[in-house]
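show me how the following folds:
(chains A and B)
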Amino acid sequence: MAFSIAIRGPEWFFGIDSLFEGFAGLALLLVTLFSIKAYLFTKDKRYRSFAVAFGLMTVGLAAKAITDFLVHQKIGPSGVIFLYGYLAYIATTLTALVILFALTLKSQQRTPFIALLLVSLVLVLLSSSYFLSFHVISLILLVFITIHFVKNYYAKRSLSSLLVCIAFVLLAVGQLQFIVDIAYHKWYILGHLSHLLAYVLVLVALGKVLKKR
Amino acid sequence: MTERRTKMDIVYDMLHAIQEKGGSILPTHLLYKSNLSHGRLKQYVDELKVKALVTEIEKKGKMQYVLTDQGVKFLANYRQLREFTDAFGL
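Next up, the predicted model:
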């Protein structure tokens, strides 16, 4: 398999990236919990799928944050930790993005999305540059998901839909910055900052939802 | 064309109508506000009573539907849910 340890970003940023990811994981966890509450309240499958997607992203980010921390701190067998940690991160994130993509299309069909997920996972795992292929596939999926959120904002014209829309634009931009980082370093930090801001906006949008009485 | 109301939407409209009237409403007013036929309104009211979202009381010789604490909680949860659904375009 093409996996090898890839330390990304400057040394001073080690640990800070894990903190950012921990915060993002917390934001995603809160959205997951609200989606579960919505599902229990309505028994509507859309909320269940949404909870699964955000739950998987939470697990993926937690795996990445723990992996980065252990590898940077040189705790345990780095190679094995890196392999399984990043496998978990990539697999859960791609699965979550495909579920979100399916949700945005409001499709009842499952087979095309299962095929899309399998093709994406195989492409990443067989690629000689797994980071590049993972970020490119994530970017493509995020662009389509973001188009849905832009359309949703124009349909609803509410502050919370605008915040979510900007958050997903930033997530897509972050993926682009992670791709550029492979050729030009230092973009790694910008990618993390974009993602951090995106998750702050998701939290603010969720806060607005919770304030609604 | 307006979208067809779901069962949840109808329940919300009924409870919201009661809340807007200060917590209690006459059956005829509820019928008008919820935009349902008499038969369907009765079905829904029976279900709301079973779920303890509304109760019936007699005020000045007239029967009224009253919103319960559970009903108020349902309205709050539904409003949050609608904001969430709008925010994420679900």
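
in chain B, which residue sits nearest chain A?
residue B:89 (3.1 Å; Cβ to the nearest Cβ). (Glycine included, C-beta is placed from N, CA and C.)

distance of the closest residue to residue A:149 other than its chain neighbours relative to residue A:159?
Of all residues not flanking residue A:149 in the chain, residue A:165 sits nearest, at 4.3 Å (Cβ to Cβ, 6 or more residues apart in numbering or on different chains). The spacing between residue A:165 and residue A:159, counted by Cβ to Cβ, to the nearest Å, is 10 Å.

may I ask which helix or strand encompasses residue A:174?
Element membership of residue A:174 [criterion: DSSP states H and E] is helix A:159-183.

residues in contact with whichever helix or strand comes after that helix?
Next helix or strand after helix A:159-183 toward the C-terminus (DSSP H and E): helix A:187-211. Residues outside helix A:187-211 that contact it (Cβ atoms under 8 Å, 6 or more residues apart in numbering or on different chains) are A:8-10, A:13, A:16-17, A:20, A:23-24, A:27-28, A:30-31, A:34, A:159-160, A:163-164, A:166-168, A:170-171, A:173-175, A:177-178, A:180-181, B:80, B:83-84, B:87.

from the contact counts, what lies against the helix or strand residue B:56 falls within?
Residue B:56 is part of strand B:54-59 when elements are defined by DSSP H and E. If contacts are counted by 3 or more Cβ pairs under 8 Å, 6 or more residues apart in numbering or on different chains; DSSP states H and E, strand B:54-59 sits against helix B:7-20, helix B:38-50, strand B:62-67.

quick one: contacts for residue B:11?
Residue B:11 makes contacts with B:44, B:48, B:53, B:74, as judged by Cβ under 8 Å, 6+ apart.

so the residue nearest to residue A:110 when sequence neighbours are not counted is in which element?
Leaving aside its chain neighbours, residue A:110 sits nearest to residue A:102 (7.7 Å; criterion: Cβ to Cβ, 6+ apart). Following DSSP H and E, one finds residue A:102 within helix A:78-105.

on that earlier part again, gap between the residue of chain B closest to chain A and residue A:15?
From residue B:89 across to residue A:15, the span is 36 Å (Cβ to Cβ).

the residue of chain B closest to chain A against residue A:104, yeah?
Yes: when contacts are counted by Cβ atoms under 8 Å, residue B:89 is listed as touching residue A:104 (7.2 Å).

just checking, residue A:213 touches residue B:78?
No: look at residue A:213 against residue B:78 with Cβ under 8 Å: they stay out of range, at 10.8 Å.

neighbour-wise, which of those two wins?
Higher neighbour count among residue A:213 and residue B:78: residue B:78, with 19 against 9, using other Cβ atoms under 10 Å in any protein chain shown.

what sits against the more buried one?
With Cβ under 8 Å, 6+ apart, residue B:78 has these contacts: A:41, B:8, B:12.

which SSE is it in?
Secondary structure from DSSP H and E places residue B:78 in helix B:69-88.

and that helix, how far out from the chain middle?
13 Å (Cα atoms, centre = their mean, to the nearest Å).

what residues of it count as buried?
If you call a residue buried by 16 or more other Cβ atoms under 10 Å in any protein chain shown, then helix B:69-88 has these buried ones: B:71-72, B:74-75, B:77-78, B:80-81, B:83-88.

before we move on, what about stretch B:48-68?
Buried residues in stretch B:48-68, counted by 16+ other Cβ under 10 Å: B:48, B:53, B:54, B:64, B:65, B:67, B:68.

for the second one, report the pLDDT, please.
Just to be clear, that refers to residue B:53. Looking at residue B:53, its pLDDT reads 93.

do the fifth one as well
Model confidence at residue B:65, given as pLDDT, is 91.

if it is in a bridge, with which residues?
The partner list for residue B:65 in beta bridges (DSSP bridges) reads residue B:25, residue B:56.

who are the contact partners of it?
Taking Cβ under 8 Å, 6+ apart as the test, what residue B:65 contacts is B:18, B:24, B:25, B:27, B:30, B:45, B:54, B:55, B:56.

try the first one
The neighbours of residue B:48, taking Cβ under 8 Å, 6+ apart as the test, are B:11, B:14, B:15, B:54, B:71.
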